[in-house]
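> Show me the folded form of this:
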Amino acid sequence: EAVVSTQSTGWASCMAIHPKGDNLIVGSYDKTLVWFDMDLSVKPYKSLQQHKKAIRHVCFHPRYPLYASSSDDCSTIITHGMVYNDLVKNPLVVPVKVLRGHKDTTKYGVLCNVFHPQQPWIYTGGADGDIWLFV
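Numbering: from 1, shown residues only. Okay, the predicted model is just below:
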């Protein structure tokens, strides 16, 4: 058992567990995405501030080494997040693409995202009422 402290994540808004089970990403209202490698420590492995507004949703792809974060800044950021079987190697985290398309009609932006189970496609849902498929 381990307690992951919210002191290092700010005000947590969402989280996702890696399909292999030992890594956790946490999005927060203070624009920070924090990666925890639970095999390494209960302290954050990496902290990223890529969004300009609150992070609303994060998810891992079930098959590919990708994760996504969606924010009130109307963007979704796709990141390559490779987790190795070798416990000595740290996860590799590299931003890949910023997806835009949702309109800023309210104070909220992209509220949710989900990867296709087989393809490297992502669906996003926004406060503007639209659902986008990015291929």
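
> For residue 58, name its beta-bridge partners.
Beta-bridge pairing for residue 58 (DSSP bridges): residue 69.

> Ok, residue 131 next?
Beta-bridge pairing of residue 131 under DSSP bridges involves residue 125.

> Are we agreed that residue 52 is in a strand?
No - counting by DSSP: H, G, I helix; E, B strand; the rest coil, residue 52 is not found in a strand; it is coil.

> got any ranges where the chain has weak pLDDT?
Flagging of the chain using pLDDT under 70 yields the residue ranges 1-9.

> and if we set it to 90?
Applying pLDDT under 90 to the chain flags residues 1-11, 20-23, 37-45, 82-93, 105-106.

> Going by residue numbers, what spans are strands in it?
Residue ranges of the strands in the chain, as given by DSSP state E, are 12-17, 23-28, 33-37, 46-48, 55-60, 66-71, 75-82, 92-100, 110-115, 122-126, 131-134.

> Quick one: these as TSV, columns for mean neighbour count too.
For glycine as for every other residue, the C-beta is placed from the backbone atoms N, C-alpha and C. TSV is the format used below for those (neighbours: other Cβ atoms under 10 Å):
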stretch	mean neighbour count
strand 12-17	17
strand 23-28	23
strand 33-37	23
strand 46-48	16
strand 55-60	24
strand 66-71	25
strand 75-82	20
strand 92-100	14
strand 110-115	20
strand 122-126	21
strand 131-134	14
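
> What is the burial count for the residue lying closest to residue 118 once chain neighbours are set aside?
Among residues not flanking residue 118 along the chain, residue 63 sits closest, at 6.7 Å (Cβ to Cβ, 6 or more residues apart in numbering). As a burial measure, residue 63 scores 13 neighbours (other Cβ atoms under 10 Å).
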